[in-house]
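> pasted the sequence and its predicted model underneath.
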Amino acid sequence: MALTMPRLRRLDPLGALLTAAGATALMLLPFVILKSNRIVPGDARGLLEVLPAWGAFVCQATLILAAIIAFGVTNARIRLGAALLGVAVVALAVAAAGDALTPPGNKVVRVAPGAAVWVLLLCLGLLATDAITRMRPGPLWRVLFLVGFIAVAGLALAHGTFDHLSVMREYAVNADRFAREARRHLWLALGSLGAAVLVALPIGILCHRVPRLRAGVLGTLNVIQTIPAIALFGILMAPLGALAAAVPLAAALGIRGIGAAPAAVALFLYSLLPIAANTVAGLKRVPQAAVEAARGMGMTNWQILTGIELVLALPVILTGIRIVLVQNIGMVTVAALIGGGGLGTFVFQGIGQTAIDLVLLGAIPIVALAFSAAVVLDALVELMDRARQ
Amino acid sequence: MISVENLTKQYGATAVVDGVSMRIERNSITVIVGTSGSGKSTLLRMINRLVEPTRGRVLIDGNDTTGEPAHLLRRRIGYVIQGHGLFPHRTVAENIATVPRLLGWDGARIRARVEELLRVFQLDPDAYAGAFPHQLSGGQQQRVGVARALAAEPAVLLMDEPFGALDPIIRTKAQDDLLDIQRRFCTTIVLVTHDMDEAFRLGHHVAVMSHGRLLQYDRPAVLLTRPADPFVSRMTGASDRAMRLLSLTTAGEAALPGGSNGPAVASSASLREVLSELVWCGAESAAVMDADGTPRGYLTIAAILARGRPN
């Protein structure tokens, strides 16, 4: 007992949990789903049924190796390597299954990743995230990780590795629209963010300077924040529609009761609170003595604001911008419901047609965009903070 | 010379500073002392117009300070506050260069001035110019704060409780440094403090304020020997006023011609220190020496005690 206890204690609890989940999924859940067309329910296929014996062996061996490392190795780099290797092997196995199960020339049959693949990717992703967290990489390294991952995924997609999988089949059919809606998605998210920065930054500065305004203004913005997105779209339809009817110029500029205009306005309104509130919080954190000294040395109000206060508040303001950007990328999805466009179009079309592959064609890029935005802006905030601490 | 004329600051009905007039001599240290809420900081801040007076005016070398935009006036006047107020995101060199940059000095002149000031304040430029304020000790931060205020060679330096945040040993050193700096740059310094010891240590002239009014403004010895108001004698401390008076005179000033076999004391030492030395050694007299060892005369206990009484 005394001899075995230390060994047991060295077992990694997270590794144990992930291994258990991954192994159970691989044994009990389908590896891929084979459907005769895009909307019928499909047949489940296991790993051994879809890959040649050597392929299935390599796949399982890699996963077992990853499990052993997750269980017993504490070195974070090795854990990260194992997780990434696992992700690559699972992705390649699914791609190979797609190639094997699709009859040549057939564009109707759909091969979709099964639940086991998603669970495995989730487990391996958590293992990788945990390893990266343990390595405590600097902000630049985290962005490099992200860029590297996107580059590899992009190369694989461009090479056509996954072309026989169902999501990529949907992409092939919708390629033109996908590019357009993706651009629209980014444009709505970034455009409303940009407009919100231009408006909320001065609001935040004003609230900082005039404390009497603070409770009222931030309270109002907070109320806007509590209105559900769909309800806000509805609320905006009437005034924007009336505006378009009354002012021909507004209509000519594309402002209507439905479409991109109410979506952009709603996102803009949602963006105001985090940026204004963080501007106030950031300015509050500026040392009063520094501002007092700056004024005493003859800096003008503008010089104090731009050279001292905003620079010192920037990390907190950027945190607000990060919140808004991630929030917007997600919320633009709902804009598709009122004709605003964006990747949400695929999500809602897919739901309407019970075509889950189409839903994924919209959802996966949205998640990837939000995740990338969070990583990049977090890194930026940390760089700023480090430069002045 | 700074001329304060009937200066008043009212917030609503209360006068924080109430009709203060004083003439501050060039090339001297004037200390404004008072309890908190006495209006001493407000008075100081009206000199560089961080606070605009309700009534009255301030003249610097005969020119009314309201004659130019406040921020331009402030660039000509050094300003040091408690807790230094250094910019945390700028290096020591950038902090010191603040006002020269505002004034549009060229880069070479700024660099030379920053280096000169760092040396004057005993900070090695190679080690400290590129450092950030948080990397310095409290005493070093305070010195950089004073260096920054002196960067553009102002004729007037305003200091608002500059040493309040320092521990006693570093504070004494900072006070000594300030006396050196004042002699070196011939700056007119106006310093606000609530610490009477500091006022007596630094001030050529001391102004005592209470409830917005200037009670007495004179040389420290006069404050001790002829207090104009019971509050002034309370502030200056009735119990040890004789010792305070002795601390205002140096041995060199009081030395009598002749010699002594007693202990040698420096001519720069105060009479209080000489007396303490004599009590400690059990001697009746001390020989006064200059720093280079030249005899300046002697002092007896009786001669010292005579100096501790009002005439």
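Perfect, thanks for sending it.
> OK, contacts around the residue of the stretch 201-350 of chain A found nearest chain B?
The nearest approach of the stretch 201-350 of chain A to chain B comes at A:A293, 3.0 Å away (Cβ to the nearest Cβ). No exception for glycine: its C-beta is placed from N, CA and C like everyone else's. Shown in contact with A:A293 (Cβ atoms under 8 Å, 6 or more residues apart in numbering or on different chains): B:79, B:81, B:84-87, B:145, B:148.
> what of A:L11?
A:71-72 are the contacts of A:L11 under Cβ under 8 Å, 6+ apart.
> what about it, distance to A:T133?
As judged by Cβ to Cβ, to the nearest Å, A:L11 and A:T133 stand 19 Å apart.
> just give me the neighbour total for the residue in the stretch 51-200 of chain A that chain B sits nearest to.
Residue nearest to chain B within the stretch 51-200 of chain A: A:P139 (17.6 Å; Cβ to the nearest Cβ). Residues lying near A:P139 (other Cβ atoms under 10 Å in any protein chain shown) number 18.
> identify the residues contacting it.
A:378-380, A:382-383, A:386.
> which non-adjacent residue is nearest it?
The shortest distance from A:P139 to any non-neighbouring residue, by Cβ to Cβ, 6 or more residues apart in numbering or on different chains, is to A:A379 (3.5 Å).
> report whether the expected contact of that neighbour with A:V143 is present.
Yes. Contact criterion Cβ atoms under 8 Å: A:A379 and A:V143 qualify, at 4.9 Å.
> buried residues in stretch B:215-224, which are they?
B:215-218, B:220-221, B:223-224 (16 or more other Cβ atoms under 10 Å in any protein chain shown).
> looking at these, which are in helices?
B:220-221, B:223-224 (DSSP state H).
> of the residues you listed, which is the nearest to B:Q122?
B:P220 (28.1 Å; Cβ to Cβ).
> correct me if wrong: that closest one contacts B:G203.
Yes. Counting by Cβ under 8 Å, B:P220 does reach B:G203; the two are 6.0 Å apart.
> what do these two both touch?
Common neighbours of B:P220 and B:G203 (Cβ under 8 Å, 6+ apart) do not exist.
> secondary structure class for the closest residue to chain A within the stretch 51-200 of chain B?
Per Cβ to the nearest Cβ, B:G85 is where the stretch 51-200 of chain B lies closest to chain A, at 3.0 Å. In three-state terms, and counting by DSSP: H, G, I helix; E, B strand; the rest coil, B:G85 is coil.
> and it, how many residues sit next to it?
26.
> and it, what does it touch?
Per Cβ under 8 Å, 6+ apart, neighbours of B:G85: A:287, A:289-294, A:296, B:145.
> now it, nearest residue through space, not along the chain?
Distance criterion Cβ to Cβ, 6+ apart; nearest residue to B:G85, sequence neighbours excluded, is A:A293 at 3.0 Å.
> in terms of helices and strands, where is that neighbour?
Remark: A:A293 resides in helix A:288-296, with elements defined by DSSP states H and E.
> which residues of the stretch 151-300 of chain A lie near chain B?
Selection of the stretch 151-300 of chain A residues close to chain B by Cβ under 8 Å from any Cβ of the partner chain yields A:287, A:289-300.
> for the stretch 1-150 of chain B, what spans make up the strands?
Assigned by DSSP state E, counting those that start in this stretch, the stretch 1-150 of chain B shows strands spanning B:2-11, B:14-24, B:29-34, B:55-60, B:63-64, B:77-81.
> for burial, what's the neighbour tally of A:D385?
A:D385 has 15 nearby residues by other Cβ under 10 Å.
> where's it relative to chain B, distance?
The spacing between A:D385 and chain B, counted by Cβ to the nearest Cβ, to the nearest Å, is 11 Å.
> now do the contacts for B:D218.
B:205-206.
> number of nearby residues for residue 295?
No chain specified, so I'll use chain A. 21.
> actually, chain B is the one I wanted.
B:P295, neighbours per other Cβ under 10 Å, totals 16.
> tell me what it is bridged to.
Beta-bridge pairing of B:P295 under DSSP bridges involves B:M289.
> before we move on, what about A:I33?
A:A44, A:A112.
> ok, A:L269 touching A:I224?
Yes. Look at A:L269 against A:I224 with Cβ under 8 Å: they come within range, at 5.0 Å.
> quickly list what's touching both of the two.
A:L232.
> past the lowest-mean-pLDDT helix or strand in chain A, which element shows up next along the chain?
Every helix and strand in chain A was compared by mean pLDDT, DSSP states H and E; the lowest is helix A:4-10, with a mean of 51. Next in sequence after helix A:4-10, counting helices and strands by DSSP H and E, comes helix A:13-28.
> show me how far that next one is from its chain's centre.
25 Å (Cα atoms, centre = their mean, to the nearest Å).
> how does chain A divide up, domain by domain?
A:4-136, A:172-387 (automatic domain parsing).
> out of those, which is closest to B:R234?
Of all these, domain A:172-387 comes closest under Cβ to Cβ, at 31.1 Å.
> tell me which residues touch the closest residue to A:D385 other than its chain neighbours, please.
Excluding its sequence neighbours, the residue lying closest to A:D385 (Cβ to Cβ, 6+ apart) is A:P315, at 4.4 Å. Contacts for A:P315 (Cβ under 8 Å, 6+ apart) come out as A:282, A:381, A:384-385, A:388.
> so which of those residues is surrounded by the most neighbours?
Busiest of the contacts of A:P315 [other Cβ under 10 Å] is A:G282, holding 22 neighbours.
> what's the domain layout of chain B?
According to automatic domain parsing, the ranges for chain B are B:2-239, B:244-307.
> out of those, deepest packed?
Highest mean neighbour count of these: domain B:2-239, a mean of 18 (counted as mean count of other Cβ atoms under 10 Å in any protein chain shown).
> that one: end-to-end distance?
34 Å (Cα to Cα, to the nearest Å).
> how close does the residue minimising distance to the centre of chain B get to chain A?
Centroid-nearest residue in chain B, with Cα atoms, centre = their mean: B:L202, separated by 4.5 Å. Going from B:L202 to chain A by Cβ to the nearest Cβ gives 20 Å.
> which residues touch that residue?
B:29, B:31, B:175, B:178-179, B:191.
> again with B:R241
B:224, B:233.
> can you show me the helices along the stretch 101-250 of chain B?
B:107-120, B:125-128, B:138-150, B:168-185, B:196-202, B:220-225, B:230-236, B:241-247 (DSSP state H, counting those that start in this stretch).
> great, nothing more from me.
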